[in-house]
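**Q** attaching a predicted model along with its sequence, questions to come.
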Amino acid sequence: AGTAGGRPRVQAMPDGRIRLAFLADVQIGCMATFSGLDDDAITRFERRGMRVRKFPRTDALDWDAARFRDTVAEVNRLQPDLAVIGGDMIDETSRPDQLEVFHEIAASCEVPFHYVPGNHDICDDAAVPTKASLDWYRAHFGPEHGTVTGDLTDASRLTLLIVNSAVLDQPRNLEGAFEAEMAWLESELRRRAPGPTIGFSHHPPFVDAPDEGNTFWNIPIERRLPFLDILADHDVDLVLCGHRHLNDRVEYQDVEIVTSAAVGFPLGLDPPGFRLVDIDETGISHTYYPVPDPAWEAIGGPPDPDPC
């Protein structure tokens, strides 16, 4: 548990179904980052697509920890076959207290889990990875990409591919890293057995259109389009993403791309929660599962989640 590396296996249920829980943006410490903002700061965040309300300044990690703890409790109650934690496990790599809180709660998860690297935990500045930040990530979370498989039937195998989207987004300090990531991905897709395929990328490739301009919320177009074409050419069924702290869904050719709202601090209208994904030989279905929090309205917005 707690690794993206190797080729671990997941066991299907007797009915040939595999269920996974996708937990995006736990981000221990995020609430403190957005606390105590004045009106000008809130307006600046809104211009960047982040919906933030005004609430008192805090340095505490209690709210983030409670959201993660409650989510893990729901995952334990539902007992999926595995969980994938979709990046941004913490807010700042320079804060060992955030890392300690995260791992303490993650250790209580009763199902196998795997990590997807996010910009806040594989980049020292939450934007650009370096060799040092990549080494730090590996030391605290394990390999930055990997493959998980599970037999649905004798003739159908589920393949889960965890991608390091930070080197798709900002590879400039890691020469050859983007090309190596794409070569690894294509190799894994070529060697997989027949059956459903799900990719995991913390950064969504795009928000509205494949040819949209570059923003903080998407992968730059010069690397976005080659990534999308690999996914489409190899018939990937679904890509699960985080990063935006809200729910959204787009398609590229026949690839469904779903951004899932955050376990932690919301930046849209969707309350904290996680996504349940069911897979069998006939296809894939998924549902967003809010985790109730009486305090969320005060910092996020009205409880009217997007059901996507």
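**A** Thanks, I have the structure now.
**Q** show me where pLDDT drops low in the stretch 151-300 of the chain?
**A** 294-300 (pLDDT under 70).
**Q** what packs against whichever helix or strand Gln98 is part of?
**A** Assigned by DSSP states H and E, Gln98 falls within helix 96-106. Helix 96-106 makes packing contacts with helix 62-78 when contacts are defined by 3 or more Cβ pairs under 8 Å, 6 or more residues apart in numbering; DSSP states H and E. Bear in mind the C-beta positions are built from the backbone N, C-alpha and C, glycine included.
**Q** name the residues that touch the helix it packs on?
**A** 19, 21, 23, 26-32, 83, 101-102, 105-106, 108-111, 263-265, 272-274, 276, 289, 291, 293, 295, 299 (Cβ atoms under 8 Å, 6 or more residues apart in numbering).
**Q** rerun at 6 Å
**A** 21, 26, 28, 31, 83, 101, 105, 108-110, 263-264, 272, 274, 291 (Cβ atoms under 6 Å, 6 or more residues apart in numbering).
**Q** so for this structure, the centremost residue is which one?
**A** Nearest to the geometric centre of the chain sits Gly86, at 2.4 Å (Cα atoms, centre = their mean).
**Q** okay, now the sheet partners of the following helix or strand past the helix holding Gln98, with direction.
**A** Proceeding N to C from helix 96-106, the next assigned helix or strand is strand 113-115, under DSSP H and E. Sheet neighbours of strand 113-115, with direction, are listed as strand 82-85 (parallel) (DSSP bridges).
**Q** ok, and what's touching the partner strand?
**A** Taking Cβ under 6 Å, 6+ apart as the rule, strand 82-85 contacts Val10, Leu20, Ala21, Phe22, Leu23, Val75, Val111, Pro112, Phe113, His114, Tyr115, Phe200.
**Q** dump the residue contacts of the second one.
**A** Shown here is Leu20, whose contacts under the criterion Cβ under 6 Å, 6+ apart are Pro80, Leu82, Val277.
**Q** do the last one as well
**A** Residues touching Phe200, when contacts are defined by Cβ under 6 Å, 6+ apart, comprise Val84, Val116, Ile162, Leu240.
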